[in-house]
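Visitor: need a structure here:
(one chain, ligands or ions: 2)
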Amino acid sequence: IYRVSAQLHSIPKRPSFGIAFDIDGVILRGRTPIGDSPKALKRLYDDSGCLKIPYLFLTNGGGIPESRRASELSQLLGVNIDPIQVVQGHSPFKNLLKRFENELIVATGKGEPAVVMSEYGFKKAISLEEYASHFNNIDPLSPYKTLTTKQSIPRFDVKSERVKAAFVVSDPVEWSRDIQVLCDILRSGGLPGEKSDHQPHMYFAADDLEYQAVFPSERLGMGAFRIALESIFNSIHHKPLEYTSFGKPNPFVFKNAESILKQLQQKSQNFETLYMIGDNPLVDVKGATQAGHPWFSILTRTGVFKGKDNHTDYPANQVVDSVQEAVEYILQREG
Ligand code: G3P
Ligand code: MG
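Guide: Residues are numbered from 1 along each chain as shown. Ligands and ions are numbered 1, 2, ... in the order given. A predicted model of the protein is given here:
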């Protein structure tokens, strides 16, 4: 197994470049490594298993805490990945802690959205699923669904306390319930059944319309869910939905990645080049291009992008067949 940070200080010559890897469609398809990703990552370590090149994963996916994702990735890819090297779509939610630390917030999406938020320090985070279970008949379709949630003893005073913010942490599983209950929360000032003009805050971890999963053609992502929620909300409410989306291509994400890579390099030296290896022109390439210097985009053909030449609207600096080819290209270019 390859080690990461402990021996970083022993890197003889500090490289003035770093790499950000997209996950879905570049490193993995579902849980299966693609494009020889384990081999590509091993190239970034020396013979004794110490990291030579600072790198991180910059994914719009998520649903479990970064520490758990790091161990999952380490297992799947055969290198020892530190949680600091895992930036997920919802990672920036940490920065909202001051604002909502002691407020009632709801979180939804695949995996364990409320656990993610609690680990960030939010004291009153509840999953939308658990929240909905305390409002009888809030989802009239639930009797027809095979997934049933048992009603637990309310951990917070959900029947009288207003929800201050709703977070879509990862791709929603139960679209019809989530859209119904989010509309209830958002147009009632945070307490379903009430009436209020004040919309609680609404945050999305990412805005990918489509992404590459196991199925051969792209799957609908969080951006598709946002469009569905927004369009329904705007049709039933007199004021349009106000929301914020994080994740790539948001320039903030690239700034944040740059500062984490600097920490991994253990020196606040500026990078000459930071490589973003992604499969989605509208997300990965657009983001790197908008972020500007020192970002350099490399588009792989293993995911959303399957074209022969470059993408027309968001051309990458380089197009390659796989992540392994991308890493070889970088190592050659950097001499
Ligand atoms: O749900 C995951 C998807 O939105 C994209 O993940 O790794 O391609 O940024 P990634
Ligand atoms: Mg991707």
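
Visitor: for stretch 174-184, which positions count as buried?
Guide: Buried residues in stretch 174-184, counting neighbours by 16 or more other CB atoms under 10 Å, are found at 174, 177-184. Yep, even glycine has a C-beta here, placed from its N, CA and C like the rest.

Visitor: can you pull the pLDDT of the residue nearest in space to the middle of the chain?
Guide: Centroid-nearest residue in the chain, with CA atoms, centre = their mean: G89, separated by 2.0 Å. pLDDT for G89: 98.

Visitor: ditto for A257
Guide: 97.

Visitor: Low-confidence ranges, the stretch 201-335 of the chain, go.
Guide: Along the stretch 201-335 of the chain, the parts satisfying pLDDT under 70 run over 268.

Visitor: Contact partners for the residue of the stretch 151-300 of the chain found nearest ligand 2?
Guide: Proximity of the stretch 151-300 of the chain to ligand 2 (CB to the ion) peaks at D279, 4.5 Å away. Shown in contact with D279 (CB atoms under 8 Å, 6 or more residues apart in numbering): 22, 24-26, 212, 299-305.

Visitor: Give me the neighbour count for the nearest residue to it once chain neighbours are set aside.
Guide: Nearest residue to D279, sequence neighbours excluded (CB to CB, 6 or more residues apart in numbering): G303, at 2.7 Å. Neighbour count for G303, taken as other CB atoms under 10 Å: 26.

Visitor: do the same with the one 5 residues further on
Guide: K308 has 6 neighbours, counted by other CB under 10 Å.

Visitor: Equivalent analysis for T273, please.
Guide: The number of residues packed near T273 is 17, by other CB under 10 Å.

Visitor: sorry, back to before: in helices, which of the buried residues of stretch 174-184 appear?
Guide: 177-184 (DSSP state H).

Visitor: about what we covered before: list phi and psi for the residue of the stretch 151-300 of the chain closest to ligand 2.
Guide: As for D279, its main-chain torsions (degrees, to the nearest 10) stand at phi -110, psi -10.

Visitor: a markdown table please, covering the buried residues of stretch 174-184 and showing distance to ligand 1 and pLDDT.
Guide: Output for the buried residues of stretch 174-184, formatted as a markdown table (distance: CB to the nearest ligand atom, whole Å; pLDDT from 0 to 100):
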| residue | distance to ligand 1 | pLDDT |
| --- | --- | --- |
| E174 | 16 | 96 |
| R177 | 19 | 97 |
| D178 | 15 | 98 |
| I179 | 18 | 98 |
| Q180 | 22 | 98 |
| V181 | 21 | 98 |
| L182 | 18 | 98 |
| C183 | 23 | 98 |
| D184 | 25 | 98 |
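
Visitor: Looking at those residues, which is nearest L96?
Guide: Checking the buried residues of stretch 174-184 against L96 by CB to CB gives L182 as the nearest, at 17.6 Å.

Visitor: Surely the closest one is in contact with L229?
Guide: Yes. Here L182 lies in contact with L229, judged by CB atoms under 8 Å, at a distance of 6.0 Å.

Visitor: Much appreciated, bye for now.
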